[in-house]
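> any chance you can model this:
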Amino acid sequence: MTIERWFCDKTSHCCDRPVRRSAYNVTVYDMTDEERRRRGIGGLPSSLWEAIQPAEKSELVLKALGEHVFKAFIENKKMEWDPCRYRIEVTEYELKRYLPML
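A predicted model of the protein is given here:
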């Protein structure tokens, strides 16, 4: 079996052709809110701050990054979220991307 065929078997589309779905290859995107809730599948954080909170308590992230990098990573993310530092600044990218829409 080629990697392409394996990938096509595992995903909902193969080369822009729909693949027949079974009960075993349904993705969370195909599920309703009720189906996800019933299976115990939560949603993604809606903000950086909501993502920082569980990451800061995560043993997995700590072990994966090591203590030194973990502390620096969490501190950097908190600084990134700090409204007095980064969130109030408009970047060059944002100006180019969003200003023409106004």
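
> and the residue nearest the centre of the chain, how far is that from residue 78?
To find the centre residue of the chain, average its C-alpha atoms and take the closest one (CA atoms, centre = their mean): that gives residue 44, at 6.5 Å. Relative to residue 78, residue 44 is positioned 19 Å away (CB to CB, to the nearest Å). Just so you know, the C-beta spots here come from the backbone N, C-alpha and C atoms, and that holds for glycine as well.

> give me the low-pLDDT residue ranges for the chain?
Within the chain, the segments meeting pLDDT under 70 span 1-24, 86-87.

> could you list the domains of it?
With domains defined by automatic domain parsing, the chain comprises 3-38, 48-101.

> just say which of those domains is most tucked in.
Stretch with highest mean neighbour count among the domains of the chain: domain 48-101 (a mean of 11; mean count of other CB atoms under 10 Å).

> quick one: end-to-end distance for that one.
Terminal residues of domain 48-101 are spaced 25 Å apart (CA to CA, to the nearest Å).

> residues touching residue 55, list them.
For residue 55, the contacting residues are 61, 74, 77, by CB atoms under 8 Å, 6 or more residues apart in numbering.

> out of those, who's nearest residue 102?
The shortest gap between residue 102 and any of the contacts of residue 55 belongs to residue 77, at 30.0 Å (CB to CB).

> excluding its backbone neighbours, what's nearest the closest one?
Excluding its sequence neighbours, the residue lying closest to residue 77 (CB to CB, 6 or more residues apart in numbering) is residue 52, at 5.1 Å.

> the one you found sits in which helix or strand?
helix 48-56 (DSSP states H and E).

> how far off centre is the first helix or strand past that helix going along the chain?
The helix or strand immediately downstream of helix 48-56 is helix 59-65, counting by DSSP H and E. Going by CA atoms, centre = their mean, to the nearest Å, the spacing between the C-alpha centre of helix 59-65 and its chain's C-alpha centre is 17 Å.

> and for stretch 28-40?
Centroid separation for stretch 28-40 versus its chain: 17 Å, with CA atoms, centre = their mean.

> swap in stretch 38-49?
If you compare the mean C-alpha spot of stretch 38-49 with that of the full chain, they lie 10 Å apart, counting by CA atoms, centre = their mean.
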